[in-house]
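**Student:** Turn this into a model:
(2 chains)
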Amino acid sequence: MSSTAIAHSRSTARLFDCREAYSSTLESMAEVDPRVCAVVNDSVSSTKLKNFAKRFPERFVNVGIAEQNMIGVGAGLANGGMIPFVCGASCFLTARAMEQLKVDLGYSNSNVKICGMSSGMAYGQLGPTHHSIEDVAWTRIIPNLGVIVPADPLETSQAMRYALQHQGPMFLRISRMPVCAVHPQDYQFALGKAPVLRSGNDIALLANGVMLSRALEAADRLREVGVHARVLNMSSIKPMDTGAVLDAARATRGIVTAEEGLTSGGLGGAVAELLALHHPARMRMLGVPGVFAPTGSAEFLLEHFGLTATGIYDAALELMAEEK
Amino acid sequence: MESLSQSIDGANKAEDLRLKANRIRFSAMTMTHHSGLGHTGGDLSSADILATLYFGQVLRLDPSQPDWPQRDRFIMSKGHCSGAFYSTLAFRGFFPEEMLGTFMDPLSKLNGHPDRNKLPGVEANTGPLGHGLPIGVGAALAARMRGEDWRVFVLVGDGELQEGSNWEAAMAAQHYGLDNLVVIVDRNRIQQGDFTENISRMDALPDRWKAFGFATVEVDGHDHMALSNRLHALPIERGKPSCIIAHTIKGKGVSFAENKPAWHHGVPTAEQLRAAAAELGIEVSS
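**Tutor:** Purely as a prediction, here's the structure:
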């Protein structure tokens, strides 16, 4: 896929809030599909659904601060033929309602879309109670539950439209951190597909969400020093595009994963599981390394854990320097 | 005042439901005996409620179309009482009665706890407690959003109400004024470990439901006519969700199991099964 026309220098690019794409897409889907409804846990403004609530009051459910009930209500709405988009802060939506995610959504295979807002370290200053660095690991292990981490507004919107057509439960992890647009306007999201945003056979950079633009920037800088990095958008963590990942492992000297969350159980863990079984390869896993993150702004925390274009660039050069 | 013919009809209906409930009881005990696992006490306490719902023309159902969109939804939140629930569904025609003989066998569709993707007539996968009522709230909201008149019935255990998710759901049901939602409490006063009152007192149970905005009544959960009359007069109050607290006896109908915590998940021996058959008026071919 060609996307070289799009600027990736984060210092100059225009930044977007994926939540805006979320709310406008939900409204436009609700306009044409009477089954689309929203469920929130008092999170009307943080999910940017005020306008949805105004336009579709009969299809807007606010259960109050009650996440277990919120997921159950979603399953019940789906039982009744609706297609609920259940959204709230990802840290509460996932952790507080884990058994409901397992039983009411995954095991029941309910047609419910859950949207974890302000995921990762978006609530940086609020501390580890509000960080949602575990959500990918938790949701990824539940059978039937798809896990998607979109990178920009277009992909957020595309993933939601995909989720609407897809029969079964899905978890969309949506950031509130400003991101640049990384996809061309004709981009089409597909579950289980990892688009190759940069081609190259020296090293592979696998990233998603807020880390994808940083991986692209790292790839551009690597090219300047003669290293051709392949960049895969791993927005679809589950199901994973195993073919694309194995191709990358076979073609390159190593793989760098980068995610805004815990590496164990997250994207890094998922890629390592695959490679260990089918094509052991050298890896660097960038993310939060099994600790509770300190307090600080999201940008500060990304820097703190080396989740930057420079961090990815350095990891790639380290792998290049190792004996093949 | 009932006319004489109505009361004769009523007596016939009650007798029919009594026979159905005892069939459910014996079937559940047979299944538990077969598998060596099960929840006899709650199967027996809930049998009259299930019989009245499924055979007393309460639920709007079509077993030949289990996914009929306009059906009433019945959610067996106390999913551990699957012996009674599966027997009810089979007798009502949702799947062949022969399948009951596979209860908990390897690869059986009859899990220890119900799976809606394996068995027609199951609305929700339950087993962990406190899941049914939130799902019921969602299904009741869906009816409202779609302008449909289906109703949602959720059967919960009394011990189950110790799970906080029930009360989260109750708050939402009240807030949205879901008068198409009916929660039935199988108030058998015993949970796995002991009598409910020895573990978490709930003597104020009707007041709790009333305080959470439910129009609440109490009935004898083994009196088929009382159950039937109540279940045919819903909602209890327009604009409010309904709560029917059905006072029951755990192990009801089988004297050696009645009101004994050990029979929460007691497994009957062959001899006990024969004794149960005699008490329940079931003829068994030896």
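
**Student:** Point out where the stretch 151-286 of chain B drops to low pLDDT.
**Tutor:** Low-confidence segments of the stretch 151-286 of chain B (pLDDT under 70): B:286.

**Student:** So which residues of it form helices?
**Tutor:** Assignment of helices within the stretch 151-286 of chain B using DSSP state H, counting those that start in this stretch yields the ranges B:165-175, B:196-199, B:205-211, B:224-231, B:270-280.

**Student:** For the last one, buried residues please.
**Tutor:** If you call a residue buried by 16 or more other CB atoms under 10 Å in any protein chain shown, then helix B:270-280 has these buried ones: B:272-273, B:275-277, B:279-280. Every C-beta, even on glycine, is put in place using the N, C-alpha and C of the backbone.

**Student:** Need the contact partners of it.
**Tutor:** By CB atoms under 8 Å, 6 or more residues apart in numbering or on different chains, the surrounding residues in contact with helix B:270-280 are B:22, B:25-26, B:29-30, B:33, B:253-257, B:268, B:282-284.

**Student:** now do the fourth one
**Tutor:** Applying CB under 8 Å, 6+ apart, the contact partners of helix B:224-231 are B:10, B:13-14, B:17-18, B:21, B:48-49, B:51-53, B:56, B:58, B:182, B:217, B:219-221, B:244, B:246.

**Student:** Show me what from the stretch 1-150 of chain B comes close to chain A.
**Tutor:** Within the stretch 1-150 of chain B, the positions adjacent to chain A are B:69, B:73, B:115-117, B:123-128, B:130-131, B:133-146, B:148, B:150 by CB under 8 Å from any CB of the partner chain.

**Student:** 7 Å instead, please
**Tutor:** B:69, B:73, B:116-117, B:123-125, B:128, B:131, B:134-139, B:141-143, B:145-146 (CB under 7 Å from any CB of the partner chain).

**Student:** three-state assignment of the closest residue to B:Lys252 other than its chain neighbours?
**Tutor:** Spatial nearest neighbour of B:Lys252, chain neighbours left out: B:Leu44 (4.9 Å); criterion: CB to CB, 6 or more residues apart in numbering or on different chains. With DSSP: H, G, I helix; E, B strand; the rest coil as the basis, B:Leu44 sits in helix.

**Student:** In this structure B:Leu44 contacts B:Arg25, no?
**Tutor:** Yes. Distance between B:Leu44 and B:Arg25: 5.3 Å, which falls inside the contact criterion (CB atoms under 7 Å).

**Student:** Mutual contacts of these two, please.
**Tutor:** Taking CB atoms under 7 Å, 6 or more residues apart in numbering or on different chains as the criterion, B:Leu44 and B:Arg25 both touch B:Gly253.

**Student:** Now for the residue positioned nearest the centre of chain A: which residues touch it?
**Tutor:** Among the residues of chain A, the smallest C-alpha distance to the mean C-alpha position (CA atoms, centre = their mean) belongs to A:Val149, namely 1.4 Å. By CB under 7 Å, 6+ apart, the contact set of A:Val149 is A:136, A:173, A:208-209, A:235, A:237.

**Student:** picking up where we left off before, right, so the helices of the stretch 151-286 of chain B: which one is the most enclosed?
**Tutor:** Of all the helices of the stretch 151-286 of chain B, helix B:165-175 carries the top mean neighbour count, a mean of 23, counting by mean count of other CB atoms under 10 Å in any protein chain shown.

**Student:** contact partners of that helix?
**Tutor:** For helix B:165-175, contacts defined as CB under 7 Å, 6+ apart pick out A:63-64, A:66, A:68-69, A:72-73, B:130, B:133-134, B:137, B:156, B:181, B:212-214, B:241.

**Student:** where's stretch A:278-289 relative to the chain centroid, distance-wise?
**Tutor:** Relative to its parent chain, stretch A:278-289 has a centroid offset of 18 Å by CA atoms, centre = their mean, to the nearest Å.
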